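K.L.:
using only what follows, build the 3D model:
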Amino acid sequence: MNDEAQPTNRPKEGGKFDPLGYHMRLGFHPKIRLDPKRGWDFGKTLADFIQPNKSELKEDTWTFSQPQGSSSSGFLSVSVGPSDLQMSASLPIQSKEWYETRYGLLLKKFGEFFKPELILGSSAMIHGTIPIDGDARTFLAMHVMKMNPSRVDQFGRPIHLVGLRFFFPPFRKKGKKGKEAVTDWQVNIKAESLLEDPGKLYLEADADWPDSEEWDDTTTTKKMEQLGIVADYLEKNVVAFLQHTPEEQPGEEPTGDET
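P.N.:
Model (predicted):
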């Protein structure tokens, strides 16, 4: 008799979202000219919150980056284009709030150095994984999509990745007035089995705020907070949706694990 517990093919009890990256971007006006000398001067202003060991000053983009953590893929970087500013953390080793603070400092330094007049839209993206007790493909196909395993036989070959995608536009709540009635941002959500390890579920939330605004301290503070807005939505809405999939009804229990 085999006493080994069978996998549930659901999110592990107590498993938490493990971030793989934080990415923040905004457009600005007027455009700037990316000459190397100006790039070196701007790079020096970043020393208070990033210690770049690598700088690339090209005609179309400047990139300043520093390694983070023990992985060769872990880094913190700042990229500047003629009308585009980005900060990215790959395999973050600090809290989300730590990166938010540095993004706020970046916007402050950038505003003082280049004196932009307008913010032409902004975005924030978070991606990471949650652990699955078993196989994330089976979890998505059977427990979330309610797909009978026999449905995939028609493909005639093994399935390496299963995923879902949702797009939520800006909207106004019917019958309500005021600021709280309007969601002025859109978000693209991906939920799929991790290609490298199907024992993990990969999640990505990529949000955009398309409106243009005057560049000032109040506006840049709001932009710094957008990463937190995306994180809250990902964990309170998306992860909650996935973790609370209903149990199968009698007679509908999956008959196998063939994804």
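
K.L.:
burial count for the closest residue to residue 56 other than its chain neighbours?
P.N.:
Among residues not flanking residue 56 along the chain, residue 63 sits closest, at 4.6 Å (Cβ to Cβ, 6 or more residues apart in numbering). Every residue, glycine included, has its C-beta placed from N, CA and C. By other Cβ atoms under 10 Å, the residues close to residue 63 number 19.

K.L.:
use 49 as the first number for this chain going forward.
P.N.:
With the count now opening at 49, the last piece we talked about shows up as residue 111.

K.L.:
partner residues bridging residue 111?
P.N.:
residue 104, residue 127 (DSSP bridges).

K.L.:
then residue 177?
P.N.:
When bridges are called by DSSP bridges, residue 177 pairs up with residue 66, residue 250.

K.L.:
residues contacting it?
P.N.:
Applying Cβ atoms under 8 Å, 6 or more residues apart in numbering, we find residue 177 in contact with 65, 66, 68, 242, 248, 249, 250, 251.

K.L.:
Three-state assignment for residue 282, please.
P.N.:
Classification of residue 282 using DSSP: H, G, I helix; E, B strand; the rest coil returns helix.

K.L.:
how close does the closest residue to it other than its chain neighbours sit to residue 144?
P.N.:
Ranked by Cβ to Cβ, 6+ apart and with sequence neighbours excluded, the top spatial neighbour of residue 282 is residue 253, at 4.4 Å. Counting by Cβ to Cβ, to the nearest Å, the gap from residue 253 to residue 144 is 13 Å.

K.L.:
and the two? which has more neighbours close in?
P.N.:
More neighbours surround residue 253 than the other of residue 253 and residue 144, with 24 against 16 (other Cβ under 10 Å).

K.L.:
just confirm the more buried one is within a helix.
P.N.:
No. Residue 253: not assigned to a helix; according to three-state DSSP it is strand.

K.L.:
quick one: contacts for it?
P.N.:
Residue 253 neighbours (Cβ under 8 Å, 6+ apart): 173, 174, 175, 235, 236, 237, 278, 281, 282, 286.

K.L.:
also residue 238?
P.N.:
Contact analysis of residue 238 by Cβ under 8 Å, 6+ apart lists 211, 212, 213, 250, 251, 252.

K.L.:
let me see the ranges of the strands in the stretch 49-198 of the chain.
P.N.:
58-59, 66-77, 102-105, 110-115, 123-129, 132-138, 166-181 (DSSP state E, counting those that start in this stretch).

K.L.:
got CSV for the contacts of residue 238, with distance to residue 88 and pLDDT too?
P.N.:
Listed next are these as CSV, based on distance: Cβ to Cβ, whole Å; pLDDT from 0 to 100:
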residue, distance to residue 88, pLDDT
211, 43, 96
212, 45, 95
213, 42, 96
250, 38, 98
251, 38, 97
252, 35, 98
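
K.L.:
contact partners for the closest residue to residue 57 other than its chain neighbours?
P.N.:
Leaving out its chain neighbours, the residue that sits closest to residue 57 by Cβ to Cβ, 6+ apart is residue 182, at 3.7 Å. Taking Cβ under 8 Å, 6+ apart, we find residue 182 in contact with 55, 56, 57, 58, 247, 305.

K.L.:
could you measure from residue 182 over to residue 54?
P.N.:
In terms of Cβ to Cβ, residue 182 sits 8 Å off from residue 54.

K.L.:
over to residue 118?
P.N.:
When distance is defined by Cβ to Cβ, residue 118 is 35 Å away from residue 54.

K.L.:
residue 284 now?
P.N.:
Here the criterion is Cβ to Cβ. By it, residue 284 lies 30 Å from residue 54.

K.L.:
tell me, how many residues neighbour the closest residue to residue 195 other than its chain neighbours?
P.N.:
Nearest non-adjacent residue to residue 195, counting by Cβ to Cβ, 6+ apart: residue 189, 4.6 Å away. Number of residues near residue 189 (other Cβ under 10 Å) recorded here: 25.
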